[in-house]
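Novice: I'll drop the sequence and a predicted model, then ask my questions.
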Amino acid sequence: MRVLVAGAGIGGLTAALSLHAVGIDVAVIERVRQPRPLGVGINLQPHAVRELTDLGLGPDLDRIGVATAEIVYSDHLGNTLFTEPRGIAGGYRWPQYSVHRGQLQMLLLAAVRDRIGPHAVRTGTPLLDLTQDEDRVRVRVPDGEIVADALVGADGLHSVVRERLHPGQGPMRWSGVRMWRGVTELPPFLSGRSMVIALGPGNVELITYPIGRSTVNWVVMVPVAEPGPLPDEANWNQPGRPDDVLAHLRDWALGWLDVAGLIGNSALVLEYPMVDRDPLPWWGRGRVTLLGDAAHPMYPVGANGASQAIVDARVLAEELARDFATGLTGYERIRRPATAAVVAANREMHRASDARTPGELARITETYRRATGADTHQLRSA
Ligand SMILES: Cc1cc2nc3c(=O)[nH]c(=O)nc-3n(C[C@H](O)[C@H](O)[C@H](O)COP(=O)(O)OP(=O)(O)OC[C@H]3O[C@@H](n4cnc5c(N)ncnc54)[C@H](O)[C@@H]3O)c2cc1C
């Protein structure tokens, strides 16, 4: 039985590793000709670190990531509002890692090539179209056709597989928030393993955390419009300008972190709208399914996008290994409601972004953990 995965992002590559680990023949096609380490920081929550550790990648994660020890909520003048321990310090059996997205993708790509074979990922090969019958799925690519027993659409936010299965979805749903993201060389702040969420006037938020010994990731979120359909395309690689960000942070003085330096000295600034989509009533049909952002794009406020794609990958492999004929249905039965709950929890967390008291913040983080299956007890017994 051969599975074809479309998309060599975090989700698609983890799916390839997970399928290979349970003895299923797998190949990946990727649109981009030469994958490069794009993006800035992302977080791997303990439930995702568990899966990657089971795949033997724990030491590699520890090498490229920073094990987050706490989240510190502060106001825009640096006064601490609430602190919450994370990862091992938060009672989990697995750390939470903050990593550079591109480095993680390159690590997964190298692992796939090493374990499955140098030609396991065909780059420069976009999926253009697909058809299926009872026996096979046929995927059209620029130089011909690839035939497989099952197809996993892990082709991200603008998934062609999703569009073929669910045509005419319309524009993405925009929260009205513009996000700027960047990476700066800077000495560690607070504990050196702290993720900071600083809340300012006008519901402007700065989220910042180290992703290396002296590399700090930051995100600034600014409400600029009423929520509604996204008028343009969402593009992860859209460049932004530091001055546009700093204009929203003029009155900020955290004290323990030079905000103007953090933003102004960034090697790279990217701009992105905070978007998601309503959960789908079904993901796949017959021999085709979806995974990661293709299945469930979500707001990044819970730092869960990559983590949920990684959990999808494990469940997909487990269900296909149990019974190839019913595996895709089993996978969707488990993961569709679970990820719909995360999409909803992220929206809820975003709606509560004006919370400022320790009590409110503690309740929000606790509710989020429960809704997303990340409660320490839930996770230990899962
Ligand atoms: C370039 C890039 C930069 C990003 N930067 C950030 C960031 O800074 N912060 C953050 O929180 N999240 C970022 N993300 C999103 C984040 O990686 C995902 O939300 C999360 O990891 C889930 O991953 P995924 O594998 O489902 O999707 P993605 O990581 O988006 O991967 C999808 C993959 O599919 C490929 N693809 C697309 N269409 C086709 C096709 N037709 N045929 C074959 N392959 C196709 C894409 O090239 C990509 O490699 C970025 C995504 C990308 C693609």
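Specialist: Nice, I can see it.

Novice: Would you check that my belief about Pro210 contacting Val216 is correct?
Specialist: Yes. Counting by CB atoms under 8 Å, Pro210 does reach Val216; the two are 5.3 Å apart. Glycine gets a C-beta too; all of them are placed from N, C-alpha and C.

Novice: Which residues are in contact with each of those two?
Specialist: Common neighbours of Pro210 and Val216, counting by CB atoms under 8 Å, 6 or more residues apart in numbering, are Pro188, Phe189.

Novice: do the biggest strand by length in the chain and the ligand meet?
Specialist: With DSSP state E setting the assignment, residue counts place strand 173-185 as the longest strand in the chain. Yes. Applying CB under 6 Å from any ligand atom, one finds strand 173-185 touching the ligand at Arg181.

Novice: how distant is that strand from the center of its chain?
Specialist: Taking CA atoms, centre = their mean, to the nearest Å, one finds strand 173-185 lying 14 Å from the centre of the chain it belongs to.

Novice: Check which helices and strands that strand sits against.
Specialist: strand 215-223, strand 228-229, helix 242-246, helix 259-264, strand 268-276, helix 327-351 (3 or more CB pairs under 8 Å, 6 or more residues apart in numbering; DSSP states H and E).

Novice: hmm, who's touching the first one?
Specialist: Contacts of strand 215-223 from elsewhere in the structure, counted by CB under 8 Å, 6+ apart, are 40-41, 98, 100, 176-186, 188-189, 202-211, 245, 248-249, 262-263, 266, 274, 300.

Novice: Would you mind listing which of those are buried?
Specialist: Among the contacts of strand 215-223, those buried by neighbour count (16 or more other CB atoms under 10 Å) are 40-41, 98, 100, 177-184, 186, 189, 204-211, 245, 248-249, 262-263, 266, 274, 300.

Novice: And stretch 274-281, how far out from the chain middle?
Specialist: The answer for stretch 274-281 is 14 Å, by CA atoms, centre = their mean.

Novice: Any idea how far apart the tips of it sit?
Specialist: Terminal residues of stretch 274-281 are spaced 22 Å apart (CA to CA, to the nearest Å).

Novice: Next to the ligand, which bits of the protein? Give me the list.
Specialist: 6-12, 29-32, 38-40, 42, 101, 126-127, 154-157, 160, 181, 236-237, 292-294, 300, 305-306, 309.

Novice: can you do 5 Å?
Specialist: 6-7, 9-11, 30-32, 38-40, 42, 101, 126-127, 155-156, 160, 236, 292-293, 300, 305-306, 309 (CB under 5 Å from any ligand atom).

Novice: Tell me which of the helices and strands packed on strand 173-185 sits most buried.
Specialist: Of all the helices and strands packed on strand 173-185, strand 215-223 carries the top mean neighbour count, a mean of 23, counting by mean count of other CB atoms under 10 Å.

Novice: Kindly format the C-alpha coordinates of stretch 364-381 as CSV.
Specialist: Provided in CSV are the C-alpha atoms of stretch 364-381 (Å, rounded to 0.1, in the frame of the first residue of the first chain):
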residue,chain,number,x,y,z
ILE,A,364,-8.3,31.7,30.1
THR,A,365,-5.1,29.5,30.0
GLU,A,366,-6.8,26.8,32.1
THR,A,367,-9.9,26.7,29.8
TYR,A,368,-7.6,26.6,26.8
ARG,A,369,-5.7,23.6,28.0
ARG,A,370,-8.8,21.7,28.7
ALA,A,371,-10.5,22.5,25.4
THR,A,372,-7.4,21.5,23.4
GLY,A,373,-6.6,18.2,25.2
ALA,A,374,-3.4,19.7,26.6
ASP,A,375,-4.3,19.3,30.3
THR,A,376,-1.3,17.5,31.9
HIS,A,377,-3.5,14.7,33.2
GLN,A,378,-5.4,14.3,29.9
LEU,A,379,-2.1,14.1,28.1
ARG,A,380,-0.5,11.5,30.3
SER,A,381,-3.5,9.2,30.0
